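Asker: Next input, structure requested:
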Amino acid sequence: MRAPHSGKPPSRELELARVLLVDDDLTSRLTLKAVLEAGGYNVDSAASAAEAVGKLDERQYELVLSDLQMESPEAGLKVIAHARLMDYKPATAILTTYHNRQPGAKPPVLIKPEDLPGLLSKVADLISQRAARIVHRQLRQP
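Answerer: Model (predicted):
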């Protein structure tokens, strides 16, 4: 038996997790964008902290990946801090090829882009953890 026709064509669009990739190095940005898109993510990119902040204010993302050092040594941390202030609470991580942090400071999640299988696995884990936090918050609400 066929389902009744609703008059609307069936939606063929798949809702992909949206990732904001922030890196001032064009080659790295394009390469990582291609890898993430091949991994099934919808990727927006930004070349500076200011551009990233603007995109965060315009659209919601499941994950924000930012290079640590861009136009200033702490530009990436500023992007992550702004993302964490957003009501929709995206998962956040720093992309880096080196580990350089202040003694005693809580390290952000570090992702090394040269490990592509590890990169895609970590991205999936971060988005999954964010989804679990959202469900947990919804279940706690009266």
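Asker: Please identify the helix or strand for Arg29.
Answerer: helix 26-38 (DSSP states H and E).
Asker: tell me what the helix or strand just after that helix is packed against?
Answerer: Downstream of helix 26-38, the next assigned helix or strand under DSSP H and E is strand 42-46. When contacts are defined as 3 or more Cβ pairs under 8 Å, 6 or more residues apart in numbering; DSSP states H and E, strand 42-46 sits against strand 18-22, helix 26-38, helix 49-58. Quick note: C-beta positions are derived from backbone N, CA and C, even for glycine.
Asker: how many neighbours does Asp87 have?
Answerer: 5 (other Cβ atoms under 10 Å).
Asker: Look at it and give its secondary structure.
Answerer: coil (DSSP: H, G, I helix; E, B strand; the rest coil).
Asker: next one: phi and psi at it?
Answerer: The phi/psi pair for Asp87 (degrees, to the nearest 10) reads phi -60, psi -30.
Asker: Next: the one 4 residues further on.
Answerer: Main-chain dihedrals, Ala91, degrees, to the nearest 10: phi -70, psi 150.
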